[in-house]
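**Student:** pasted the sequence and its predicted model underneath.
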Amino acid sequence: MEYISLFFIGAIATTIGTLAGGGGLISLPAMLLLGVPIHSAIGANKVSNTVSSFSSFLVLLKRKQISLRESFWVIPVSLVGGVSGGFIATMLSENNLYILAIILLSFAFITSFIGKGDFDGEEKLKFSKVSVPGLYGIGIYDGLFGPGQGTLMLYLFGHLKVAYIRAVAYVRLATFSSCFGAAITYIAAGKIIWPLTLMLMLGSITGAQMGVRIAEKLKPKFVKPILRVVTVALIVQIIVENIG
């Protein structure tokens with residue numbers, strides 16, 4: 001029964017995560033409720049996200065929604081950002097990390113009402129003075145804390161007038177980059193409970209494929225409302241966890 005639950009947890013969380021980020025809102029608390037140790041739960045998430053995010057990116061690449069030439073530079077920027085964030089995290093207290101996460105997500109939520117980016121543009125993601133610092137900064141956030149990384153990236157791409165389906169592909173590639181290193185770390189530390197992780201991974205791959213197919217049909221005008229709901233849910237979860 002636990003294995004079946006993990007499959008559906010992975011499928012639902014990754015479907016939502018692909019569309020608007022914030023899949024960790026579902027998967028991590030659900031795994032903890034099932035009694036999975038926290039380090040093993042985080043490790044399982046990192047491993048499954050590595051595989052599922054890359055699988056959804058490959059689908060969009062194969063369908064020529066995006067090209068490797070225009071997106072490959074996202075990998076090193078996200079990786080360096082994640083490493084930088086991990087280093088900074090060692091110098092910050094847990095309370096400061098929570099406060100930083102709430103500030104960033106609140107800022108993204110407020111600017112979503114001010115900004116004009118509604119994912120209805122046709123721009124490609126370019127190496128620029130906005131995109132590189134933006135991706136690097138979100139990479140730092142991912143290394144520091146993590147939850148909401150995909151959501152923040154979608155806000156950034158909306159601001160840059162990147163078409164929604166392209167934005168999804170960029171986020172999945174960046175997620176693969178940032179999760180890959182973390183997954184290796186958890187595997188090396190022996191924190192992975194493989195039967196549970198593999199079941200979560202199968203569900204995540206299924207969810208990633210479902211998410212991509214929904215994203216291809218989702219009208220741009222519906223993206224920001226979904227992002228706002230996910231953002232508020234992330235902020236509430238972080239506040240509740242901090243109080244706890």
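**Tutor:** That came through fine. Numbering: from 1, shown residues only.

**Student:** only C-alpha atoms from now on, for both contacts and neighbour counts.
**Tutor:** OK.

**Student:** name the nearest residue to Ile140, ignoring sequence neighbours.
**Tutor:** Computed as Cα to Cα, 6 or more residues apart in numbering, the closest residue to Ile140 that is not its neighbour in sequence is Gly85, at 3.9 Å.

**Student:** so what's the residue count around Phe107?
**Tutor:** Number of residues near Phe107 (other Cα atoms under 10 Å) recorded here: 12.

**Student:** show me where this protein dips below the pLDDT cut-off.
**Tutor:** Low-confidence segments of the chain (pLDDT under 70): 1, 89-90, 94, 97, 115-118, 145, 244.

**Student:** please enumerate the helices of it.
**Tutor:** Along the chain, the segments classed as helices by DSSP state H run 2-20, 24-33, 38-62, 68-71, 74-89, 94-114, 131-144, 149-159, 164-188, 194-217, 223-243.

**Student:** those helices: which one's closest to Asp120?
**Tutor:** helix 164-188 (7.1 Å; Cα to Cα).

**Student:** which strands or helices does the closest one pack on?
**Tutor:** helix 2-20, helix 38-62, helix 74-89, helix 131-144, helix 149-159, helix 194-217 (3 or more Cα pairs under 8 Å, 6 or more residues apart in numbering; DSSP states H and E).

**Student:** so what's Leu198 up against?
**Tutor:** Contact partners of Leu198, counting by Cα atoms under 8 Å, 6 or more residues apart in numbering, are Ser48.

**Student:** for Leu104, see how far away Val83 is.
**Tutor:** 19 Å (Cα to Cα, to the nearest Å).

**Student:** higher neighbour count, those two?
**Tutor:** Val83 (19 against 15).

**Student:** related to what we said a few turns ago, just send the helices and strands packed on helix 164-188 back as a markdown table, with distance to Ile26 too.
**Tutor:** Output for the helices and strands packed on helix 164-188, formatted as a markdown table (distance: least, Cα to Cα, whole Å):
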| stretch | distance to Ile26 |
| --- | --- |
| helix 2-20 | 6 |
| helix 38-62 | 11 |
| helix 74-89 | 22 |
| helix 131-144 | 17 |
| helix 149-159 | 14 |
| helix 194-217 | 12 |
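
**Student:** centroid residue for the chain?
**Tutor:** The residue lying closest to the centre of the chain (Cα atoms, centre = their mean) is Gly150, at 3.4 Å.

**Student:** hmm, Gly21 and it touching each other?
**Tutor:** Yes: the criterion here is Cα atoms under 8 Å, and Gly150 meets it with Gly21 at 4.4 Å.

**Student:** not counting sequence-adjacent ones, nearest residue to Tyr164?
**Tutor:** Distances taken as Cα to Cα, 6+ apart put Phe119 closest to Tyr164, at 4.9 Å, once the chain neighbours are dropped.

**Student:** so Leu61 touches Leu68, yeah?
**Tutor:** Yes: the pair Leu61 / Leu68 is scored as a contact, 7.3 Å apart, by Cα under 8 Å.

**Student:** the two: which has the busier surroundings?
**Tutor:** Leu61 (15 against 10).

**Student:** what's around the closest residue to the more buried one other than its chain neighbours, how many residues?
**Tutor:** If the residues on either side of it in the chain are set aside, Leu61 comes closest to Ser67, at 6.0 Å by Cα to Cα, 6+ apart. Residues contacting Ser67 under the criterion other Cα under 10 Å number 15.

**Student:** Ser67 and Leu60: what is the separation?
**Tutor:** In terms of Cα to Cα, Ser67 sits 9 Å off from Leu60.

**Student:** check contacts around the closest residue to Ile235 other than its chain neighbours.
**Tutor:** Spatial nearest neighbour of Ile235, chain neighbours left out: Ile102 (5.8 Å); criterion: Cα to Cα, 6+ apart. Taking Cα under 8 Å, 6+ apart, we find Ile102 in contact with Ile235, Ile238, Ile239.
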